[in-house]
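> the following block contains a protein sequence and its predicted model.
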Amino acid sequence: MINEFKAGMKVCQAVLVRVQKIGNSSNGGVFARGMVEDNSGRVPFICFEASVVDKMRDLEGPTAFMMTGVVDINKYANDMSLQVIIQRLEELLPQDDISNLLPHGDFDVEAYKEKLTDYIKKVETPALRLLLENIFSGGTYEAFIYNPAGMRLHHAYLGGLLQHSVDVTGLAVAMAEKIHGVDKDLVIAGALLHDIGKINEISSDIGFPYTNEGRLMGHIAMSCFMVQEAAAKLHISSVRLEQLQHIILSHHGENEKGSPVACATKEAFIVHYADELDSIMNQFNKHEGKAAWEYNRMLGRNILMEKL
């Protein structure tokens, strides 16, 4: 496991390879840089083997390989951190153990499944509650509790979509109870459903790659379509449905952040800020143990990971 790597170790294990740069070295050779990962952590790699670098040129996104290499000190890093010098990359065989390549969230899945059920039961509007019960059933429910909420940025692990959606709902309900004139049923429904399209946007396969449908449409539109399709079978007023879809369509807050429309209702603002806050708080769970301060790519800043 990557979190057990020490300088001087020879390693041979299944990893995810993410290529960040391929170029020419000063001596006329080639090199590749990037990250290798498993569900215990990640570490930078460097590779000078021409045949291996050529194999990396055709990679699209994170790819699983059986890696052979040596762990070394990265002399160019300020903190003298580790890196792997990759010597060989082999295609995985059916008998290879790849269970360490699918990251899992550190939370109680069963408890979160119960929270999901409890939130649905709290919805007093019969049509909205029936809509939630209809969507969170069968194959959709199974995918919802298993899939990640992201490829890299936040909740990028199995069960991440369940955890994120339930926690967003908790934050949104807490805000709704403090603000006058908020439709709490709409808030619960919008929070639980805001990312439901991710079950079809992001695959739960190794590396959590985007699906073709996901690349073409994106989870916001896909979530809206799923709600529209489910609602067509039920008797939900057009006004209520439009308000729910508005929450989904605007949950990124602004057009510049990927939402087709900007927030225009109390309920939409509440779900948007709950979603944003939960995504940010999840960044503090990514501590790699190197230093109290770590640069966070999603937030574009250094954040304090430990109490001073």
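Looks like it came in fine.
> neighbouring contacts of stretch 280-287?
By C-beta atoms under 8 Å, 6 or more residues apart in numbering, the surrounding residues in contact with stretch 280-287 are 106, 154-155, 164, 294, 296, 298-299, 303, 305-306. All C-beta atoms are positioned from the backbone trio N, CA, C, and that covers glycine.
> swap in stretch 29-41?
1-4, 13-25, 42-48, 50, 52-53, 56, 62, 67, 84, 86, 100-104, 157, 288.
> quick one: mean pLDDT over it.
Computed over stretch 29-41, the mean pLDDT rounds to 88.
> which SSE is Ala268 in?
Ala268 belongs to helix 266-281 when assigned by DSSP states H and E.
> cool, Gly190 as well?
Assigned by DSSP H and E, Gly190 falls in helix 184-193.
> counting contacts, what elements does that helix pack onto?
Where contact means 3 or more C-beta pairs under 8 Å, 6 or more residues apart in numbering; DSSP states H and E, helix 184-193 is packed against helix 109-122, helix 126-135, helix 160-176, helix 219-231, helix 238-249, helix 266-281.
> the contacts of stretch 280-287 into TSV, with extra columns for secondary structure and pLDDT?
Below are those laid out as TSV (DSSP: H, G, I helix; E, B strand; the rest coil; pLDDT from 0 to 100):
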residue	secondary structure	pLDDT
Asp106	coil	81
His154	coil	86
His155	coil	85
His164	helix	96
Glu294	strand	83
Asn296	strand	80
Met298	coil	82
Leu299	coil	85
Ile303	strand	87
Met305	coil	82
Glu306	coil	77
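> tell me which two of those residues sit farthest apart.
His164 and Glu306 (23.7 Å; C-beta to C-beta).
> quick revisit: tell me the angle the helix holding Ala268 makes with helix 160-176.
For helix 266-281 against helix 160-176, the angle between stretch directions is 130 degrees (axes from the mean of the first three to the mean of the last three C-alpha atoms, to 10 degrees).
> still on that earlier bit, buried among the contacts of stretch 29-41? Make that a PyMOL selection.
Burial among the contacts of stretch 29-41 is assessed by 16 or more other C-beta atoms under 10 Å; the matching PyMOL selection reads:
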select buried, resi 2+13+14+15+16+17+18+19+22+42+43+44+45+46+47+52+53+56+62+67+84+86+100+101+102+103+157
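> return the subset of the contacts of stretch 29-41 lying in strands.
With DSSP state E as the criterion, strands contain 13-24, 42-47, 67, 84, 86 from among those.
> so Gln87 sits against Ile46, correct?
No - using C-beta atoms under 8 Å as the test, Gln87 is too far from Ile46 to be in contact (10.9 Å).
> sorry, back to before: kindly reformat the helices and strands packed on helix 184-193 as CSV containing distance to Pro209 and mean neighbour count.
What follows is the helices and strands packed on helix 184-193, written out as CSV (distance: least, C-beta to C-beta, whole Å; neighbours: other C-beta atoms under 10 Å):
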stretch, distance to Pro209, mean neighbour count
helix 109-122, 23, 15
helix 126-135, 24, 18
helix 160-176, 15, 22
helix 219-231, 14, 20
helix 238-249, 24, 18
helix 266-281, 20, 21
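> what residue is smack in the middle of the protein?
Central residue of the chain (C-alpha atoms, centre = their mean): Gly150, 1.9 Å from the mean position.
> quick check: domain ranges of this protein?
Following automatic domain parsing, one gets these domains for the chain: 2-101, 109-283.
> mean pLDDT lowest for which of those?
domain 2-101 has the lowest average pLDDT among the domains of the chain, namely a mean of 87.
> now do the end-to-end distance for that one.
11 Å (C-alpha to C-alpha, to the nearest Å).
> then stretch 73-84?
8 Å.
> quick one: contacts of that stretch?
Residues contacting stretch 73-84 (C-beta under 8 Å, 6+ apart): 5-7, 11, 36, 43-46, 67, 69-72, 290-291.
> can you tell me which of those residues is nearest Asp96?
Nearest member of the contacts of stretch 73-84 to Asp96, counting by C-beta to C-beta, is Met67, at 11.3 Å.
> dump the residue contacts of that closest one.
Met67 makes contacts with 11-15, 17, 36, 84, 86, 88-89, as judged by C-beta under 8 Å, 6+ apart.
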